[in-house]
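S.K.: just need the structure, nothing else, for what follows:
(chains A and B)
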Amino acid sequence: MTNFTRRNMLTGAVGATAAVATAVNFTTPVSADEADDDLASFVKMSSALTGIDEARLAPAVDPIQIKREYLAAAKADQSFDRLMEVFQANQSQPPAMIADMILNQSGPDICYLGRSIILAWYLGAWYDPDNLKEHNSPNPPPRPVTPDKIISPAAYTQGWAWRVAQAHPMGYSELRFGYWSKEPPSLNDFTK
Amino acid sequence: MRDRGSLSVEVMVVLGLVALIVWSTSSFAQQTPGSRPNPPRDINPPVTSCNVTADTIADKSGNLIPNPIKETPLTLGQPCQQVVNGRGLVKDNILANRQRGFDFYSWLTFIALNSPADGKTIGQGPRPGGDALTKWEDLTNYRPLADVMLPKGSKPTWGTRIVPPQCRRLDGPNKIVFKLGEEAFNQPFKSGPLIDQDGNYALFDILMNRPMFDFILKNGLYNKPGQEKFNGKIEFPSGNNPGDDPNAEPGRMGAIMVKVSWRILDPDKDKGLLHQFHTADALIYFPGPPATKTGPLCVEKKLGLIGFHVAHKTKFAPQWVWTSFEHVSNVPDQADVDSGELLPRYNFYNPACKGCAVNQTPPTPWDPDASLKFHSGYRSQVTRVHMLPEPVIDEVKKLNDQFRAFLKDTVWENYILLTTQWPSDFASKTDPTGAPAPTYLANTTLETYSQGRTPLASSSCMACHNNATTQHVPATSSDFTFILEKAH
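M.R.: Numbering: from 1, shown residues only, chains lettered A, B, ... in the order given. You can find the predicted model right below:
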């Protein structure tokens, strides 16, 4: 399996393999089928967890479809169905309350999966919920928290941490030549 | 008899009167109230024949159905702008419906530009397969980049044919003049040449339409000093369709760049292939060092069209709309290779070469001599890398099948649309590339070595051209075109 490290990303060394590995995320058109109900709920829940508007996380016209990659990563966790049940039961609540239910009131498995989803959106990397749990224990391992993987080449470019910082990931920017000599776009332009 | 002196006086008086009348007439023309000086030429003039055909039409129930692929309205003219709609054949999928609209636009553009220069319908030219000199090869419509960015920064002139002295003895009707520079045989960012199965270099050329040319001319951007002097923002004119209201803005074509790739065909050895290609009889000019290893000299070659790019700046697409076509027998998809479903021959792939590494750059040196043959027995072994989303691949294949059926029994049935890249968020304040859809797009003859899905490294028309600059110091954005970098 391809290992998406930042170094590999920057050198483009995983390009061709990456294309194959991520192909699954590009294959499904948006339609009103059952899978898309999952997707729509996942995006709403992600908005509550990240504090970023749904329309920014998943634009109506979205050629990148990063949401599908994050959904696939989250679905691989055994607690995903229970997490979605918690969300479904609380989806009419204000976003802050939904986040509180997931992160503080539904048990550690749901909490740490919720945290992994937040980290995926902000960092484009997948952190194993068990790993996060272990590092938040009274006796955490001496090593720093590291991600399991960079979810994909696209995810590397899509991390919200960069936008919140009005910046861009190392080695990749959509801004034009000479942007470094100018003020970046405003925070609202990036996030609202 | 009059004396000589009085005659001289009379002549002088007459000459003086004539001079006065001429001067008066001239002054009258320039200064009489009510008479205006000629207005400056509109660099993006109104166009009366914008093809505004959409990819869908409403049936009797108001449901959208595919617009039939038939001669009218497909051959009515060139689109001045895309006609796209979020509603369409795919329920609740704005992205897919707009993509189909853009791909339909691309086919209309292909048909318009590849129609005979004499005004006939595509495929009705005098050559085998209905081929003909096309509109984009006609100097009244498009001008090669080499004839815009002239040596020593000279001012270019629209419509003039520049035939180097070395080519004149070979010249004849309908021959195109192709001036080689490194970018004519080496791919973008000097990533390498492409060598066909006969060992010939593939050749690349860039042309522009008149609105683009006139913008360059008007602003003095055809040479380095002109670009240094220019302190405005480079904004090429945009195309737009006419409004429905009779008093609305007329249609305008806007700036268009065409980039083509050719393979060399041997008139005898490849006789059986000629009917499969749009061909051109080209006078290929080697200007000599540093542009080419050899020269100045000129050779004549028959060229077959293998790749066709159009970039069109339009309303709602300030990042331009990027269309990419290829010859159907250029290369197989990697999936075709894996499944063994291969054509007997390709332009840039040898089915018999089992285990050959694919998509590798040829060994250096990359500097063709006058034969345009590669220096060794190396042949490019190219496959098309899977980079488009599956729904786009499926949609384009269906559209290609329909348009190719429409073009059946002409040379043009041998060309396929790869897809169209367009800005999904053209007004983004944080992404000047406008969130390209699809994210990646590469033509196997023009971006052979940068196919893939790796951010920044893989080919994306808009992401790449977003980095284009002028030669102004400090460099300024050149509005998605690298052509200004070619000025001397």
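
S.K.: can you map out the helices along the stretch 1-150 of chain B?
M.R.: In the stretch 1-150 of chain B, the helices defined using DSSP state H, counting those that start in this stretch lie at B:4-31, B:71-74, B:94-113.

S.K.: mean pLDDT lowest for which of these?
M.R.: Lowest mean pLDDT of those: helix B:4-31, a mean of 44.

S.K.: show me how chain B divides into domains.
M.R.: B:4-113, B:129-486 (automatic domain parsing).

S.K.: adding mean neighbour count and distance to A:Leu187, write the ones you listed out as JSON lines.
M.R.: C-beta here means a position set from N, CA and C on the backbone, and glycine is covered the same way. JSON lines is the format used below for the domains of chain B (neighbours: other CB atoms under 10 Å in any protein chain shown; distance: least, CB to CB, whole Å):
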{"stretch": "domain B:4-113", "mean neighbour count": "15", "distance to A:Leu187": "27"}
{"stretch": "domain B:129-486", "mean neighbour count": "19", "distance to A:Leu187": "10"}
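
S.K.: shouldn't A:Gly124 be in contact with A:Thr157?
M.R.: Yes - using CB atoms under 8 Å, A:Gly124 is in contact with A:Thr157, at 7.4 Å.

S.K.: and for these two, which residues touch both?
M.R.: Among the neighbours of A:Gly124, those also in contact with A:Thr157 (CB atoms under 8 Å, 6 or more residues apart in numbering or on different chains) are A:Pro169.

S.K.: comparing the two, which residue is more hemmed in?
M.R.: Counted by other CB atoms under 10 Å in any protein chain shown, A:Gly124 and A:Thr157 do not tie: A:Gly124 has more neighbours, with 28 against 21.

S.K.: how about the closest residue to the more buried one other than its chain neighbours, what does it touch?
M.R.: Closest residue in space to A:Gly124, ignoring its immediate chain neighbours: A:Ala155 at 3.6 Å, by CB to CB, 6 or more residues apart in numbering or on different chains. If you count contacts by CB under 8 Å, 6+ apart, A:Ala155 has them with A:Ile66, A:Glu69, A:Tyr70, A:Ala120, A:Gly124, A:Ala125.

S.K.: closest one to B:Ala282 out of those residues, please.
M.R.: Within the contacts of A:Ala155, the smallest distance to B:Ala282 is 45.8 Å, found for A:Ile66 (CB to CB).

S.K.: and for the residue nearest to the closest one when sequence neighbours are not counted, the neighbour number?
M.R.: Using CB to CB, 6+ apart and skipping residues adjacent in sequence, the residue nearest A:Ile66 is A:Gln158, 4.7 Å away. When neighbours are counted by other CB under 10 Å, A:Gln158 registers 24.

S.K.: in chain A, what secondary structure element scores lowest on mean pLDDT?
M.R.: Lowest by mean pLDDT, DSSP states H and E among the helices and strands of chain A is helix A:15-21, with a mean of 32.

S.K.: what's the following helix or strand after that one?
M.R.: helix A:34-50 (DSSP states H and E).

S.K.: ok, which stretches of chain A are strands?
M.R.: A:125-126, A:149-150 (DSSP state E).

S.K.: how about the stretch 251-400 of chain B?
M.R.: Taking DSSP state E, counting those that start in this stretch, the strands of the stretch 251-400 of chain B run over residues B:256-265, B:279-286, B:297-314, B:317-327.

S.K.: so which of those gets nearest chain A?
M.R.: Nearest to chain A among those is strand B:317-327; the distance by CB to the nearest CB comes to 10.9 Å.

S.K.: list the contacts for residue 98?
M.R.: Just so you know, I chose chain A. When contacts are taken as CB under 8 Å, 6+ apart, A:Ile98 is in contact with A:Met45, A:Ala48, A:Leu49, A:Phe87, A:Asn90, A:Gln91.

S.K.: you looked at the wrong chain, it should be chain B
M.R.: So B:Arg98 contacts A:Val61, B:Val84, B:Asn85, B:Gly86, B:Gly88, B:Trp422, B:Ser424, B:Ala437 (CB under 8 Å, 6+ apart).

S.K.: sitting in strands, which of those residues do you find?
M.R.: Those of those lying in strands (DSSP E): B:Trp422, B:Ala437.

S.K.: nearest to B:Ile483, of the contacts of B:Arg98?
M.R.: Closest to B:Ile483 out of these is B:Trp422 (20.8 Å), distances taken as CB to CB.

S.K.: nearest spatial neighbour of B:Ile111, skipping sequence neighbours?
M.R.: B:Ile122 (5.1 Å).

S.K.: what about that neighbour, neighbour count?
M.R.: B:Ile122: 25 neighbours (other CB under 10 Å).

S.K.: go ahead and confirm it touches B:Thr75.
M.R.: Yes - using CB under 8 Å, B:Ile122 is in contact with B:Thr75, at 6.4 Å.

S.K.: what sits against the closest residue to B:Val83 other than its chain neighbours?
M.R.: Residue nearest to B:Val83 in three dimensions, not counting chain neighbours: B:Ala54, with 4.4 Å by CB to CB, 6+ apart. The contact partners of B:Ala54, by CB under 8 Å, 6+ apart, come to B:Asn67, B:Val83, B:Val84, B:Asn85, B:Gly101, B:Phe104.

S.K.: now B:Ala54: how far from B:Arg100?
M.R.: Distance of B:Ala54 to B:Arg100, given as CB to CB, to the nearest Å: 10 Å.

S.K.: what of B:Gln451?
M.R.: Distance from B:Gln451 to B:Arg100, by CB to CB: 23 Å.

S.K.: please apply the same query to B:Asn347.
M.R.: Counting by CB to CB - B:Asn347 and B:Arg100 are separated by 28 Å.

S.K.: try A:Glu134
M.R.: Counting by CB to CB, the gap from A:Glu134 to B:Arg100 is 49 Å.

S.K.: check B:Lys224 too.
M.R.: 43 Å.

S.K.: so what's residue 187 up against?
M.R.: Looking at chain A here, since you left the chain open. A:Val164, A:Gln166.

S.K.: actually, chain B is the one I wanted.
M.R.: The neighbourhood of B:Gln187, defined by CB under 8 Å, 6+ apart, consists of B:Pro193, B:Leu194, B:Phe204, B:Leu446, B:Glu447, B:Thr448, B:Tyr449.

S.K.: of the residues you listed, which is the nearest to B:Pro455?
M.R.: For the contacts of B:Gln187, the nearest to B:Pro455 is B:Glu447 (15.3 Å; CB to CB).

S.K.: that closest one contacts B:Phe189, doesn't it?
M.R.: No - in this structure B:Glu447 lies outside contact range of B:Phe189 using CB under 8 Å: 9.9 Å.

S.K.: off-centre distance for stretch A:150-167?
M.R.: 9 Å (CA atoms, centre = their mean, to the nearest Å).

S.K.: average pLDDT for that stretch?
M.R.: 96.

S.K.: which stretches of chain B have low pLDDT?
M.R.: By pLDDT under 70, the weakly predicted segments of chain B are B:1-37.

S.K.: 90 instead, please
M.R.: B:1-41, B:70-76, B:243-249, B:334, B:354-355, B:456 (pLDDT under 90).

S.K.: which ones are touching B:Leu417?
M.R.: B:Asp103, B:Ser106, B:Trp107, B:Phe110, B:Thr323, B:Ser324, B:Phe325, B:Val396, B:Leu399, B:Asn400, B:Phe403.

S.K.: mind redoing it with 6 Å?
M.R.: When contacts are counted by CB atoms under 6 Å, 6 or more residues apart in numbering or on different chains, B:Leu417 touches B:Ser106, B:Phe325, B:Val396, B:Asn400.

S.K.: and B:Gln82, what does it touch?
M.R.: B:Phe102, B:Tyr105, B:Val321.

S.K.: can you tell me which residues contact the first one?
M.R.: With CB under 6 Å, 6+ apart as the criterion, the residues that contact B:Phe102 are B:Gln82, B:Val84, B:Thr420, B:Trp422.

S.K.: now do stretch B:409-416: everything it contacts.
M.R.: B:123, B:129-131, B:276, B:278, B:325-328, B:400, B:404, B:407.
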